[in-house]
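Enquirer: 3D model of this:
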Amino acid sequence: METIARYLMLAGIALFLIGGGVYLAAKFGIPLGRLSGDIRIEGENGSFYFPLTSSILVSVILTVLLNLIRLFLKK
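Expert: This next block holds a predicted model:
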């Protein structure tokens, strides 16, 4: 049970940090979800939205941050 509790706490912390990042991005005017490479198709019967560029940008930022964290924790 302790391991499940530990994983739940880590997931909660991760969700809190992600929420804070989204909040700060909106506060500083970073247009996540509205970048030029994001795909948006709107028709009469429905719409389709795929944030391709935003996903790539977030992936690159998270990769750099996690690699820096791993580098500092090794020392």
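
Enquirer: which stretches of the chain have low pLDDT?
Expert: Scanning the chain with the threshold set as pLDDT under 70 gives 75.

Enquirer: domain-wise, how is it divided?
Expert: Using automatic domain parsing, the domain ranges for the chain come out as 1-29, 31-75.

Enquirer: compile those into JSON lines and extend it with columns for mean neighbour count.
Expert: In this view, the C-beta of every residue, glycine as well, is placed from N, C-alpha and C. Formatted as JSON lines, these follow (neighbours: other CB atoms under 10 Å):
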{"stretch": "domain 1-29", "mean neighbour count": "10"}
{"stretch": "domain 31-75", "mean neighbour count": "11"}
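
Enquirer: for residue 50, which non-adjacent residue is spatially closest?
Expert: residue 39 (4.4 Å; CB to CB, 6 or more residues apart in numbering).

Enquirer: distance check, the residue sitting furthest away from the middle of the chain against residue 50.
Expert: Distance from the centre of the chain peaks at residue 44, with 30.6 Å (CA atoms, centre = their mean). According to CB to CB, to the nearest Å, residue 44 stands 19 Å off from residue 50.

Enquirer: which SSE is the residue nearest the centre of the chain in?
Expert: What sits nearest the mean C-alpha location of the chain, by CA atoms, centre = their mean, is residue 58, with 5.3 Å. Here residue 58, judged by DSSP states H and E, is contained in helix 52-74.

Enquirer: now do that helix: everything it contacts.
Expert: By CB atoms under 8 Å, 6 or more residues apart in numbering, the residues outside helix 52-74 that reach it are 32-33, 35-39.

Enquirer: which of those sits closest to residue 12?
Expert: Among those, residue 32 lies closest to residue 12 (CB to CB), at 22.4 Å.

Enquirer: return the backbone torsion pair for the closest one.
Expert: phi -60, psi 130 (degrees, to the nearest 10).

Enquirer: check contacts around it.
Expert: Neighbour list for residue 32: 22, 25, 51, 54, 57-58 [criterion: CB under 8 Å, 6+ apart].

Enquirer: swap the cut-off to 7 Å and go again
Expert: Taking CB atoms under 7 Å, 6 or more residues apart in numbering, we find residue 32 in contact with 25, 54.

Enquirer: I appreciate the help and will end here.
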